[in-house]
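In: Give me the fold of what follows.
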Amino acid sequence: MESDFRTPLLECFRQGDAPRDVRLLAAQGGLAPRAHEQLGLLMILVADTDEEIARAAEATLQAIAPGSIEGVLAGSNVPAEMRAFFEARGVTPAEAPATEIEVPLLDTGGPTEPEAAEGTIDGGAVRPGMTEKIAAMNVPERLKLAMKGTREERAVLIRDPNRMVAAAVLSSPKLSESEVTSIARMGNVSEEILRIIGHTRAWIKNYSTCLALVKNSKTPLALSMNLLSRLNEKDLRMLSIDRNVPDTLRITARKKITVNK
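Out: Residues are numbered from 1 along each chain as shown. Modelled structure (predicted):
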């Protein structure tokens, strides 16, 4: 699947990283809050080797109104793989795409708390006890929170040692562009998270996010080098004297300034 349908969460399922309890939760429609992502997960899980999970995914698909699926399939960026899957089941795209593709097909979660104030991720401050409360949750609970929780909760979960939980934060429909930039600045997230951001075209179009990745010493060097060409001369000059980035990156920035003269 391509474009917006290739999300960090879906990739974890494709790569076989999801444990059984998480796959079962997703098969029951209780994980992804976005319609297209739920369909993508169910497409994967109906072929699961665990019969209970495969049956649950099939039951969830059968419970979804065909009209809802037809609206999703009408989207211009829906991959051929998804259309073919549902056409084989007798479901074809509607004449017009769904107007609310972000609305969940099956919402098994409760109401979420109001969003925390802007700047939570940058400052790193969270309410007392928040980190401990999240640490006491199991993986399925943390996954659901990553997708449906507040900005403050995402600030904690993006640093979760479980790769799937951190990736789920990047799949949250509530994640803002400013949050992505803030995450790209963080030195205490995994290289995998920074790599996902750096390979997501929609996020790299934001200059601030691109610059944050290049200046982050935790960003894989190959990715930082590829992003150098996007920087303006002023930021290249700053980077060329930045002792917090790898020598190779600093020297290359200096050479680019010379070439541009």
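
In: Could you list the low-pLDDT ranges of the chain?
Out: The model of the chain has pLDDT under 70 over residues 1-6, 97-126, 260-261.

In: make it 50
Out: Applying pLDDT under 50 to the chain flags the ranges 1-4, 99-104, 107-121, 123.

In: Can you give the domain ranges for it?
Out: Per automatic domain parsing, the structural domains of the chain span 3-87, 176-261.

In: Distance to residue 127 and mean neighbour count added to the ones you listed, as JSON lines?
Out: For glycine as for every other residue, the C-beta is placed from the backbone atoms N, C-alpha and C. JSON lines is the format used below for the domains of the chain (distance: least, CB to CB, whole Å; neighbours: other CB atoms under 10 Å):
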{"stretch": "domain 3-87", "distance to residue 127": "23", "mean neighbour count": "18"}
{"stretch": "domain 176-261", "distance to residue 127": "18", "mean neighbour count": "16"}
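
In: between those domains, which one is nearest to residue 156?
Out: Smallest distance to residue 156 across these (CB to CB): 11.2 Å, for domain 176-261.

In: before we move on, back to that, could you dump the domains of the chain into TSV with distance to residue 152 added?
Out: Output for these, formatted as TSV (distance: least, CB to CB, whole Å):
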stretch	distance to residue 152
domain 3-87	18
domain 176-261	11
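
In: just checking, residue 48 touches residue 42?
Out: No: at 10.3 Å, residue 48 and residue 42 do not qualify as touching, with contact defined as CB atoms under 8 Å.

In: Find residues that contact each of these two.
Out: Shared contacts of residue 48 and residue 42, defined by CB atoms under 8 Å, 6 or more residues apart in numbering, comprise 27, 57.

In: picking up where we left off before, quick one: which of the domains of the chain is nearest residue 154?
Out: Distance to residue 154, taken as CB to CB, is lowest for domain 176-261 among the domains of the chain, at 6.9 Å.

In: Just give the nearest non-adjacent residue to residue 165, would you?
Out: residue 142 (4.7 Å; CB to CB, 6 or more residues apart in numbering).

In: name the helices or strands packed onto the one helix or strand that neighbour maps to?
Out: According to DSSP states H and E, residue 142 maps onto helix 139-148. Other helices and strands packing on helix 139-148, by 3 or more CB pairs under 8 Å, 6 or more residues apart in numbering; DSSP states H and E, are helix 20-27, helix 151-157, helix 163-170.

In: Quick one: these as TSV, columns for distance to residue 74 too.
Out: Converted to TSV, the helices and strands packed on helix 139-148 look like this (distance: least, CB to CB, whole Å):
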stretch	distance to residue 74
helix 20-27	24
helix 151-157	31
helix 163-170	26
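
In: Which one of those helices lies nearest to residue 193?
Out: helix 163-170 (5.5 Å).

In: how big is the angle separating the helix or strand just after that closest one from helix 163-170?
Out: Sequence-wise, the next helix or strand downstream of helix 163-170 (DSSP H and E) is helix 177-185. Relative orientation of helix 177-185 and helix 163-170, computed by axes from the mean of the first three to the mean of the last three CA atoms, to 10 degrees: 140 degrees.

In: So which elements touch helix 177-185?
Out: Contact here means 3+ CB pairs under 8 Å, 6+ apart; on that basis helix 177-185 packs against helix 120-123, helix 163-170, helix 191-198, helix 207-215.

In: Let me know the angle separating that helix from helix 191-198.
Out: Using the same axes, to 10 degrees: helix 177-185 against helix 191-198 is 140 degrees.

In: And for helix 177-185, what's in contact with it?
Out: Residues from elsewhere that reach helix 177-185 (CB under 8 Å, 6+ apart): 118, 121-122, 151, 154, 158, 169-170, 189, 193-194, 197, 203, 206, 208-209, 212-213, 215-216, 219.

In: and if you look at stretch 134-145?
Out: By CB under 8 Å, 6+ apart, the residues outside stretch 134-145 that reach it are 19, 21-22, 25, 30-31, 109, 153, 156-157, 160, 162, 164-165, 168.
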